[in-house]
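> need a 3D model of the sequence below.
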Amino acid sequence: MNESEPDPVRVVVLGGGTAGWMTAAGLTRMLQGRVAVELVESEDIGIIGVGEATLPHIRGFVESLGIPEADFMKATHATYKLGIDFRDFGRIGESYIHPFGSFGEELAGVGFHHYWLELQRRGLAGPLGDYSLCVAAALANRFTPPAADMSLGSTYGYAYQFDATLFGPFMRDFGLSIGVTRHEGLVTEVERDDESGDVTALVLKDGRRIEGDLFVDCSGFRSLLLGQELGEEWEDWTHWLPCDRAAAMPCTHATEDIRPYTTATAMPAGWRWQIPLQHRMGNGYVFSSAFVDEDAACEAIREAAEGEPLADPRVLRFRPGRRSKSWSHNVIAVGLASGFLEPLESTSIYLAQMAITYLIELFPEGGRIEPADRDEFNRLVDMEYDRVRDFLILHYHATERDDSEFWNHVRTMQVPDSLADKMELWRKAGRIEKYSDGLFYDASWIAVYVGQGYLPERHDPRTGIVDPERLRTAADGLRQEIESTVAGMPGHVEYLRRESARLAEAS
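Residues are numbered from 1 along each chain as shown. This is a model prediction of the structure:
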């Protein structure tokens, strides 16, 4: 006689919006039959989202839920994203693209950027971006999905740019359709076990009790469970990432072109974004309140934004940093309740998705939490936040700008030892620290180092073995192949319209 199946683990998610509904849908879909997910949210509590830019990892998450890409894009007014165009970060008047793709290809175990550095030393190289199909396609406003083979057309990925105010409701509808139970209401009391300290139930304003085995805190910056109730401390990183405000303002499109990339332009006290959606352009000024006040920042984004304003600027306040632990007792924080790193590299949704993925991998069987699994979750989450933090700081610190107090501060500040070591490794030998887990690999770091003029003192000496003329011929051949491939791609707007028409025919 077979033993009966164990009861599903009761998971209570506190908070809706992007993080809450991604968590609820992800757990329900990936742990089918093993969990019963209930979500508590209140319509009285608004969501943070404005225009949202993402990283390529979101594609895998949407696909794993079984959501067709075309349906997702239509519902959220999404566009495709090949990378980020950084302007005026290293020096005023200079720009570069951080692509979701590679530069050239490795040869004889030596990274392409070393050969590029050798050609540049000899005056034989074009800009690094000339050797990236992803960069070239972005600058030409062209897009097509990457090839599935090993050709040049497979050397890039893509993400989405979408309306965050539509993404949460879309995920809510999907979550409800696959079995998530939703409770509307405000939490007024958190019940805990006297002996273990674990949370046992959430009490709503109308007296309802929502009991659970595991609680996921997606309550945003309030961090009602992990921060307020369990008292997990917040590690403040404002001294490294001084931007703590964003003035967001949507506008109409100024031109018919819709760029397949996000734009980040450095400003006197931070930077401003442009996120092109199908129906509008998202604009915002991410700034440090220590260097400019909110009224001045709002006026600055009004003056800088392209297109006609669709609303007045809305100021969002935040603190960069993370909780000392993201899993304590039987409470796991996801999204802003766990930590926040400013949107310079579009990492917010990735960090929520990452926590959901680790939770699924380390999910407590039968609701019995193993301390080793909890410790591993915290280690992995901390590692992700710390590595993203270092990458963001690099954009500010590796600069020659001295035209404002803000840029003088970030250029001269002491950075974390982990970043200082990475920068020294690059400066001395043109090498990137290798790691197998986490975000932002070689091409990302190389894009920022080179794009902001932080070049190494030397590079791999094996590049000197290759005849420089042969090397230049190969590099020129790659550049020509890239130009030819891009010329054969449809325009971004054309591709969006084509997909929209295909979806309409299928429905």
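
> please enumerate the helices of the stretch 51-200 of the chain.
Using DSSP state H, counting those that start in this stretch, the helices of the stretch 51-200 of the chain run over residues 57-64, 69-76, 112-121, 133-139, 164-177.

> per-residue confidence at Y441?
With respect to pLDDT, Y441 scores 81.

> follow-up on the earlier one: V11: which of the helices of the stretch 51-200 of the chain is closest?
Within these, the stretch nearest V11 is helix 164-177; the backing value is 12.2 Å (Cβ to Cβ). Placement of C-beta: from N, CA and C, glycine included.

> which other helices and strands contact the closest one?
Secondary-structure packing of helix 164-177 (3 or more Cβ pairs under 8 Å, 6 or more residues apart in numbering; DSSP states H and E): helix 17-30, strand 51-53, helix 69-76, strand 181-184.

> give the buried residues for it.
Of the residues in helix 164-177, 164-168, 170-172, 174-176 count as buried by neighbour count, 16 or more other Cβ atoms under 10 Å.

> ok, stretch 374-390 next?
By 16+ other Cβ under 10 Å, the buried positions in stretch 374-390 come out as 374, 377-378, 380-382, 384-390.

> check stretch 125-142 too.
Buried residues in stretch 125-142, counting neighbours by 16+ other Cβ under 10 Å, are found at 125, 128-139, 141-142.

> give me the neighbour count for E211.
Neighbourhood size, E211 [other Cβ atoms under 10 Å]: 12.

> show the pLDDT at it.
E211 is given a pLDDT of 97.

> can you start the count at 16 instead of 1 from here on
With the count now opening at 16, the last piece we talked about shows up as E226.

> that one contacts V218, doesn't it?
No: with contacts counted by Cβ atoms under 8 Å, E226 stays clear of V218, the gap being 10.2 Å.

> show me what the host helix or strand of T488 is packed up against.
If you go by DSSP states H and E, T488 is part of helix 483-502. Using 3+ Cβ pairs under 8 Å, 6+ apart, the elements in contact with helix 483-502 are helix 127-136, helix 148-154.

> got these as a markdown table, with mean pLDDT columns?
Listed next are the helices and strands packed on helix 483-502 as a markdown table, based on pLDDT from 0 to 100:
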| stretch | mean pLDDT |
| --- | --- |
| helix 127-136 | 95 |
| helix 148-154 | 98 |
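
> would you reformat those helices as JSON lines and include distance to L239?
Shown next, in JSON lines, are those (distance: least, Cβ to Cβ, whole Å):
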{"stretch": "helix 127-136", "distance to L239": "46"}
{"stretch": "helix 148-154", "distance to L239": "41"}
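
> low-confidence stretches in the stretch 366-515 of the chain?
Filtered on pLDDT under 70, the stretch 366-515 of the chain yields the residue ranges 451.

> before we move on, the earlier item: what's in contact with the helix holding T488?
Residues from elsewhere that reach helix 483-502 (Cβ atoms under 8 Å, 6 or more residues apart in numbering): 119, 130-131, 133-134, 137, 139-141, 145-148, 151-152, 155, 157, 167-168, 478.

> repeat that with 6 Å
Residues from elsewhere that reach helix 483-502 (Cβ atoms under 6 Å, 6 or more residues apart in numbering): 137, 139, 145-146, 148, 151-152, 155, 157, 167.

> hmm, which two among these are most spread apart?
R137 and R157 (31.5 Å).

> my guess is Y510 meets F158, correct?
Yes: the pair Y510 / F158 is scored as a contact, 5.1 Å apart, by Cβ atoms under 6 Å.

> which of the helices and strands packed on helix 483-502 sits closest to D417?
Taking the helices and strands packed on helix 483-502 one by one with Cβ to Cβ, helix 127-136 is closest: 25.3 Å.
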